[in-house]
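Peer 1: model this:
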Amino acid sequence: MKQVYIIRHGDSPFINGGDDFERPLSEMGKYDAINIGLHLNEGYPRPSYILSSAAKRAITTARIIGGELEFDTTKITSVKSLHNAHMETVLEKINQISENHECIMIFGHNPGLSMLASYLTGENFNLETCNTVLLNVEIDEWAQLSKDTCTVKQYIAP
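Peer 2: The predicted model follows:
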């Protein structure tokens with residue numbers, strides 16, 4: 001059975017007039033990411049593929065959590081178009097992932113990730129920063145991932 005983690009980036013301060021793409025994680029955001037990584041390191045499935053928005057706060061969250069899971073963080077796929085992407089854009093990227101990967105992690109932003117988790121499961125999600133949802137995927141190929149093809153295995157908040 002395939003599994004997917006959907007993880008919203010860690011806390012990041014809003015900077016008036018600043019570049020949203022370059023917003024860094026706050027100290028709380030870093031702390032939460034470390035704690036999520038440590039928690040996932042206790043018997044949860046390990047990802048063989050990590051996909052992240054290239055925005056600074058998302059890719060930093062992915063590197064922290066991936067590092068805690070001993071994932072080679074140089075192999076994280078970061079995609080600029082996932083920055084504040086709509087659900088359909090994120091789903092299209094997931095649909096392109098190789099079938100060789102049984103467990104993947106997706107890092108990004110709201111509202112797209114909350115909408116995606118809701119769409120895949122039929123449940124209502126509003127992911128806060130660094131919230132993580134692990135889904136069991138009830139299809140054989142990532143290209144088949146669509147509405148109501150997943151069930152919630154675990155919801156984790158920092």
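
Peer 1: and the residue of the chain most remote from its centre, helix, strand or coil?
Peer 2: What lies farthest from the middle of the chain is residue 17; by Cα atoms, centre = their mean that is 26.7 Å. Here residue 17 is coil, with the state taken from DSSP: H, G, I helix; E, B strand; the rest coil.

Peer 1: Can you give me the distance of it to residue 6?
Peer 2: 31 Å (Cβ to Cβ, to the nearest Å). (C-beta placed from N, C-alpha, C; glycine too.)

Peer 1: Quick check: the residue farthest from the centre of the chain vs residue 131, distance?
Peer 2: With Cβ to Cβ as the criterion, residue 17 and residue 131 are 28 Å apart.

Peer 1: Likewise for residue 24?
Peer 2: From residue 24 over to residue 131 (counting by Cβ to Cβ), the distance is 19 Å.

Peer 1: who has more neighbours, these two?
Peer 2: residue 131 (22 against 14; other Cβ atoms under 10 Å).

Peer 1: what does the model give residue 4 for pLDDT?
Peer 2: The model reports residue 4 with a pLDDT of 98.

Peer 1: quick one: it and residue 101 touch, right?
Peer 2: No: Residue 4 sits out of contact with residue 101 when judged by Cβ atoms under 8 Å, with a separation of 9.6 Å.

Peer 1: Compare these two (neighbour count), which wins?
Peer 2: residue 4 (27 against 16).

Peer 1: list the helices and strands the helix or strand hosting the more buried one packs on?
Peer 2: In the assignment (DSSP states H and E), residue 4 maps to strand 2-8. Judged by 3 or more Cβ pairs under 8 Å, 6 or more residues apart in numbering; DSSP states H and E, strand 2-8 is in contact with helix 56-68, strand 103-108, helix 112-121, strand 132-137.
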